[in-house]
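Colleague: below is the structure, and that's it, no one-letter string:
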């Protein structure tokens, strides 16, 4: 398992030390914070892979800390609390929580939630990057935008899936996406996607459904 850097915040020193030690033994790099302000500072300076925040800390609560972390970093958050009331859970969800663990909790229970949270965060980043590439490509090239539209219409693909198919085809031929797009536009009604490209596009469409 790759070493992931995690900020762990809890005002209970015993819980902080116990969970911190357990998570280190599980292979994580742990940065401990005794309050919300310290958790925010560590997320800003250390750019961890995940922040695990106790919901009810004196001063800045975990929910308030998560709000600030989300505003100034891309660090995802997982909440830890002795409370499981609907209001607390709803507040966590509204701040983009990737998970919610109710105390008492041990490291063996935490690890699957941590891995799932980081996997979801990675998927979210990949989606954002894909959408950013798409927006840039469609803005910068008329042929690319037209080719994406042709693929969408002919193969009933979403815009993202059509663009990913076009990008995959270009990469497989080690060519610029604009060159391949221009060929697609010129082909018009005679356009036929290679089998592997169509499979890639259909897979991308299924992922979006």
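Modeller: Done, it's in. Bear in mind that the values here come from a model prediction, so they are computed numbers and not experimental data. Numbering: from 1, shown residues only.
Colleague: what does residue 102 show for phi and psi?
Modeller: The phi and psi values for residue 102, taken as degrees, to the nearest 10, are phi -100, psi 130.
Colleague: OK, contacts around residue 57?
Modeller: Neighbour list for residue 57: 9-11, 35-36, 65 [criterion: Cβ atoms under 8 Å, 6 or more residues apart in numbering]. (Each C-beta comes from the backbone N, C-alpha and C, glycine too.)
Colleague: as JSON lines, these with pLDDT would be great.
Modeller: Listed next are the contacts of residue 57 as JSON lines, based on pLDDT from 0 to 100:
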{"residue": "9", "pLDDT": "96"}
{"residue": "10", "pLDDT": "95"}
{"residue": "11", "pLDDT": "93"}
{"residue": "35", "pLDDT": "95"}
{"residue": "36", "pLDDT": "94"}
{"residue": "65", "pLDDT": "93"}
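Colleague: helix or strand for residue 90, which one?
Modeller: Taking DSSP states H and E as the criterion, residue 90 maps to helix 86-94.
Colleague: before we move on, back to that, just the buried residues of the contacts of residue 57.
Modeller: Taking 16 or more other Cβ atoms under 10 Å as the criterion, what is buried in the contacts of residue 57 is 9-11, 35-36, 65.
Colleague: secondary structure and distance to residue 82 added to those, as JSON lines?
Modeller: What follows is the buried ones among the contacts of residue 57, written out as JSON lines (DSSP: H, G, I helix; E, B strand; the rest coil; distance: Cβ to Cβ, whole Å):
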{"residue": "9", "secondary structure": "strand", "distance to residue 82": "14"}
{"residue": "10", "secondary structure": "coil", "distance to residue 82": "10"}
{"residue": "11", "secondary structure": "coil", "distance to residue 82": "12"}
{"residue": "35", "secondary structure": "coil", "distance to residue 82": "17"}
{"residue": "36", "secondary structure": "helix", "distance to residue 82": "16"}
{"residue": "65", "secondary structure": "helix", "distance to residue 82": "17"}
